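Chemist: build the 3D model from these lines:
(chains A and B)
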Amino acid sequence: MSPFWDTNTGIVILTLLKTLALLVPLLIGVAYLTYFERKVMGAIQSRKGPNVVGPFGLMQPFADALKMLTKETIIPTGADKFLFILAPMLTFGLAIIAWAVMPVNNGWGIADINVGVLYLFAVSSLGVYGIIIAGWASNSKYAFLGALRSAAQMVSYEVSMGFVMVTVLILAGSQNLNSIVLAQKHLWFAVPLFPLFIIFFISGLAETNRAPFDLAEGESEIVAGFFVEYSSMAFGLFFLGEYANMILISGMTTTLFLGGWLSPVPFLPSGVLWFILKVFLCLFVFIWVRATLPRLRYDQLMALGWKVFLPISLVYLVLVAGVVEYFGLLPVA
Amino acid sequence: MIANLAFYLFSFILLASAVMVVTSRNPVHAVLFLILGFVNAAVLFLLTGAEFLAFILAIVYVGAVAVIFLFVVMMLDVDFVKLNEGFQRYAPVGALVALIMFIELVFIAGNWAIAPAGSADRMFPTPEHLTSSVALGSLIYTSYLPLFQLSGMVLLVAMIGAIVLTHRDRQRSLHQNLAAQHARTPEQTLAMVPAKLGEGASLPPKQTQKETL
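Modeler: Numbering: from 1, shown residues only, chains lettered A, B, ... in the order given. Now for the predicted structure:
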């Protein structure tokens, strides 16, 4: 590495380039995830999905974006203007900044920080603000009810998600995401922690307000929930934020449980392609769940979070800690 | 140099948002400024190298406590006219209390002195070969274990207390017994009635309701 990259300017430029190299594929991924979802749901429901714009409908995301951009931005009279505009930016921005610590390949994370897991957890727990601020700033009953539902839901599922992450940390012996992936060299954490893997993924569905936990935007009861007053690109940011969050949760699941970039086949080299493939699989399950399961009732949702997931993850945490300590398997940090 | 600039920037935002918390007229804005203050405090922790504390502050205070706080404040219907009604009458008393507090603060600040040996303890550096979370953990779970466990117990008691105080079982509310529902068989709820054409059918004698549920 030439000495220029060690100067302050060099580091800034290098970081910007790295960020660009991550963000461009990520944003294209977000755009095509909307296409992927419509195609997969089409296949599940025996339809064709988008197939008019471009070959196989591949230009559909761009057509949608153009349509979104040319629509009128409407700010309701009673709305709190500043917060109303801030909310969608917050949602989308938080979904993007979490990727700063995600190791897509060995040592490829932009910020290789010691407490990567905590960073991810903190950023994903901040995501609720975009929704709750949007609901309040819209000055509409439907939006507000949707925001309240979603806030209660996200806070509930974060608790068990936190316990699942702590269990992973015990097995990995580090909070650094890169080391967590390397600790899965011989065995993915999804195998010994299978129940927690399932709990984490389902909590991820709840955390992103996806079906069957999409009560925050239950269209049959509260119109569209928290973003009912939004139009044009402000709505677009919420929409893209949801998909960016899906990719984020899939990335987290891949890193914590599915061995990140590590190759599952012994004779094939590990690499970023494995990471993308695993994220892709998780996203497929996200869409599959949406196309097959009906929405939960609100009390069922709360009961599942507090009475089922929390006890299971808590007991599993104690169990894993006990077993690891008893057999002297504790990794030395 | 850059770290210093960042420190002054973030502490300025922290102080400014703290001022806004008490001066904003809209309670929701006040809570949002409080959250901004929390985030900036977390950044200040980061600047001193206490990364674990920084993110725990963000997770616990910003991600959980402040959400509940915001939740409550948003649902309150604060009437500003009523709120400012007694302002004229109570202002002298409030000013007096503020003055006394200020004088006390001046006394305390005037007599403040740092023990010469204290500064060496205060600047206790994080061990070189450990990350800050490992260093913190190895302190909390050895020297301070009883205190740590005790504070956990206090929180647990407070949590149970809050639930006991606020929980009231309204007799009207319907409860769902999932186990009983899943244990239900078709024989308990379905009856096949062979109906002849043009005659209709009458239901067989009812089973007791308790049994079917």
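Chemist: quick check: which ranges of the stretch 101-250 of chain A have low pLDDT?
Modeler: Per-residue confidence of the stretch 101-250 of chain A (counting by pLDDT under 70) places the weak regions at A:216-222, A:224.
Chemist: report the contact partners of residue 8.
Modeler: All of this refers to chain A. Applying C-beta atoms under 8 Å, 6 or more residues apart in numbering or on different chains, one finds that A:Asn8 lies in contact with B:Ile2. Backbone N, C-alpha and C define where each C-beta goes, glycine included.
Chemist: tell me the spacing between it and A:Leu14.
Modeler: 11 Å (C-beta to C-beta, to the nearest Å).
Chemist: do the same with A:Val128
Modeler: Distance from A:Val128 to A:Leu14, counting by C-beta to C-beta: 33 Å.
Chemist: can you name the residue of the stretch 101-250 of chain A nearest to chain B?
Modeler: Taking C-beta to the nearest C-beta as the measure, the point where the stretch 101-250 of chain A comes nearest chain B is A:Ser125, at 3.1 Å.
Chemist: tally of neighbours for that residue?
Modeler: The burial metric for A:Ser125, expressed as a neighbour count using other C-beta atoms under 10 Å in any protein chain shown, is 23.
Chemist: secondary structure element for it, which one?
Modeler: Here A:Ser125 sits within helix A:116-137, counting by DSSP states H and E.
Chemist: quick check: next helix or strand after that helix?
Modeler: Scanning forward in sequence from helix A:116-137 by DSSP H and E, the next helix or strand is helix A:141-172.
Chemist: by contact count, what packs against that next one?
Modeler: With contacts defined as 3 or more C-beta pairs under 8 Å, 6 or more residues apart in numbering or on different chains; DSSP states H and E, helix A:141-172 has these neighbours: helix A:116-137, helix A:177-182, helix A:194-207, helix A:219-222, helix A:232-257, helix A:298-303, helix A:310-326, helix B:66-75.
Chemist: now the residue of the stretch 101-250 of chain A closest to chain B: how far from B:Glu104?
Modeler: 39 Å.
Chemist: repeat for B:Gly152
Modeler: Counting by C-beta to C-beta, the gap from B:Gly152 to B:Glu104 is 34 Å.
Chemist: spell out which residues of chain B are next to chain A.
Modeler: Chain B has residues B:2, B:28, B:32, B:35, B:51-52, B:55-56, B:58-59, B:62-64, B:67-68, B:70-71, B:74-75, B:131-134, B:176 near chain A, with proximity defined as C-beta under 8 Å from any C-beta of the partner chain.
Chemist: show me the residue at the heart of chain B, geometrically.
Modeler: Ranked by distance to the mean C-alpha position of chain B (C-alpha atoms, centre = their mean), the top residue is B:Val65 at 1.8 Å.
Chemist: ok, it to A:Leu196 distance?
Modeler: Distance check for B:Val65 against A:Leu196: by C-beta to C-beta, it reads 26 Å.
Chemist: what do you get for B:Leu178?
Modeler: Between B:Leu178 and A:Leu196 the computed distance is 22 Å (C-beta to C-beta).
Chemist: which among the residues of chain B next to chain A count as buried?
Modeler: The neighbour-count criterion (16 or more other C-beta atoms under 10 Å in any protein chain shown) marks B:28, B:32, B:35, B:51-52, B:55-56, B:58-59, B:62-64, B:67, B:70-71, B:74, B:131-134 among these as buried.
Chemist: among those, which are in helices?
Modeler: Of the positions in those, B:28, B:32, B:35, B:51-52, B:55-56, B:67, B:70-71, B:74, B:132-134 sit in helices, assigned by DSSP state H.
Chemist: got any ranges where chain B has weak pLDDT?
Modeler: Answering for chain B: the residues below the bar, that is pLDDT under 70, span B:77-85, B:116-128, B:204-213.
Chemist: in it, what residue lies closest to chain A?
Modeler: Taking C-beta to the nearest C-beta, chain B has B:Gly63 as its residue nearest chain A, at 3.1 Å.
Chemist: give the contact list for that residue.
Modeler: With C-beta under 8 Å, 6+ apart as the criterion, the residues that contact B:Gly63 are A:121-122, A:125-126, A:128, A:158.
Chemist: farthest pair in those residues?
Modeler: Of all pairs drawn from the contacts of B:Gly63, the one with the longest distance (C-beta to C-beta) is A:Phe121 and A:Val128, at 12.8 Å.
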